[in-house]
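> quick one, what's the 3D model for this:
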Amino acid sequence: MGLDQLRGKLAYQGLLLGGVALLTGAALVLADRATLADIKRAQAADMKQSLAQVLPGQYDNDLLQDTVTLPGPEGEVTVYRARRAGRVEAVVFQVQGHGYAGPVVSMMGVDRDGHVLGVRVIQHKETPGLGDKVEPAKADWIHSFEHRFLGDPPADKWAVKKDGGVFDQFTGATITPRAVVNSVKGGLVFFQKERARLLDDGSGAAAALPKPSLSGNTATKME
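Purely as a prediction, here's the structure:
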């Protein structure tokens, strides 16, 4: 085979390889576009399910379209607002504590008076049979936050019993419930601090709520 023939063959192979790569890339882009809408719908459905678990009752608006983002202790917090007749009646947002095996992420709902409507752990890596008792399918413990607020119990009692608080810990597992209690308490502190903006209320109504004592561990990461 002559040099010119070899060069021609190599050029042909290069063009062929480039063409295959181009077609493969185009196919991947088309597939991504075709599935993007389905992925977004699935994500929206999952979020609505999470919101419904901590937000009992019926509301007039689409919570996924009615959000406000505010700075939190460790980053921005996306807050979903529930309205009736245009008035914000409750909000939902994520809080995060530090568990035994990693972050423990929860979704919590709070009514406009600062009472907890519900809490659900949506992500954790805790030990099966011990730390996973934060899941409602495994135990009723997570329901112990419902109707509580900063004042019931007092802020310095928002802790597990081992730390002098009122919330039960699990046998053989204290770190996980401690992480959840601290994160929920931090979420209530965040709500009270940002209440006027969260509720679209510029009247200064936040001053009507009792100011919590910030003693104890209130560290929480909200996303």
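
> please count neighbours and contacts with C-alpha atoms only from this point.
OK.

> per the annotation, how does this structure divide into domains?
When the chain is parsed with automatic domain parsing, its domains come out as 1-54, 59-208.

> need those domains in JSON lines with mean neighbour count and mean pLDDT, can you?
As requested, the domains of the chain are exported to JSON lines (neighbours: other CA atoms under 10 Å; pLDDT from 0 to 100):
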{"stretch": "domain 1-54", "mean neighbour count": "12", "mean pLDDT": "69"}
{"stretch": "domain 59-208", "mean neighbour count": "18", "mean pLDDT": "91"}
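
> ranges for the strands of this protein?
Using DSSP state E, the strands found in the chain span residues 67-72, 75-84, 87-98, 103-111, 116-123.

> out of those, which is closest to residue 16?
For the strands of the chain, distance to residue 16 was read as CA to CA. The smallest value, 47.1 Å, belongs to strand 116-123.

> quick one on the thing from earlier: got TSV for the strands of the chain, with distance to residue 52 too?
Written out in TSV, the entries for these read as follows (distance: least, CA to CA, whole Å):
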stretch	distance to residue 52
strand 67-72	16
strand 75-84	11
strand 87-98	10
strand 103-111	9
strand 116-123	10
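
> for residue 59, which of those is the nearest?
strand 75-84 (5.5 Å).

> need the residues that contact that closest one.
With contacts defined as CA atoms under 8 Å, 6 or more residues apart in numbering, strand 75-84 is touched by 59-64, 66-71, 88-94, 198-199, 221-223.

> tell me the angle of it relative to strand 87-98?
Compare the direction of strand 75-84 with that of strand 87-98 by axes from the mean of the first three to the mean of the last three CA atoms, to 10 degrees and you get 150 degrees.

> partners of strand 75-84 in the sheet?
When sheet partners are counted by DSSP bridges, strand 75-84 sits next to strand 67-72 (antiparallel), strand 87-98 (antiparallel).

> which other residues reach the first one?
Right, strand 67-72. 76-81, 190, 198, 221-222.

> alpha carbons of stretch 134-152, as PDB, please.
Output in PDB follows, covering the C-alpha atoms of stretch 134-152 (Å, rounded to 0.1, in the frame of the first residue of the first chain):
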ATOM      1  CA  VAL A 134     -37.100   8.300  63.000                       C
ATOM      2  CA  GLU A 135     -39.200   6.800  60.200                       C
ATOM      3  CA  PRO A 136     -42.900   6.800  60.900                       C
ATOM      4  CA  ALA A 137     -43.200   3.200  59.500                       C
ATOM      5  CA  LYS A 138     -40.800   2.000  62.300                       C
ATOM      6  CA  ALA A 139     -42.000   4.000  65.300                       C
ATOM      7  CA  ASP A 140     -44.300   6.900  66.400                       C
ATOM      8  CA  TRP A 141     -41.400   9.000  67.700                       C
ATOM      9  CA  ILE A 142     -41.400  11.500  64.800                       C
ATOM     10  CA  HIS A 143     -45.000  12.500  65.700                       C
ATOM     11  CA  SER A 144     -43.900  13.800  69.100                       C
ATOM     12  CA  PHE A 145     -43.100  17.200  67.500                       C
ATOM     13  CA  GLU A 146     -46.600  17.800  66.300                       C
ATOM     14  CA  HIS A 147     -48.300  20.900  67.800                       C
ATOM     15  CA  ARG A 148     -45.100  21.800  69.700                       C
ATOM     16  CA  PHE A 149     -43.600  25.300  69.500                       C
ATOM     17  CA  LEU A 150     -40.800  27.400  71.100                       C
ATOM     18  CA  GLY A 151     -42.400  27.600  74.500                       C
ATOM     19  CA  ASP A 152     -43.800  24.100  74.600                       C
END
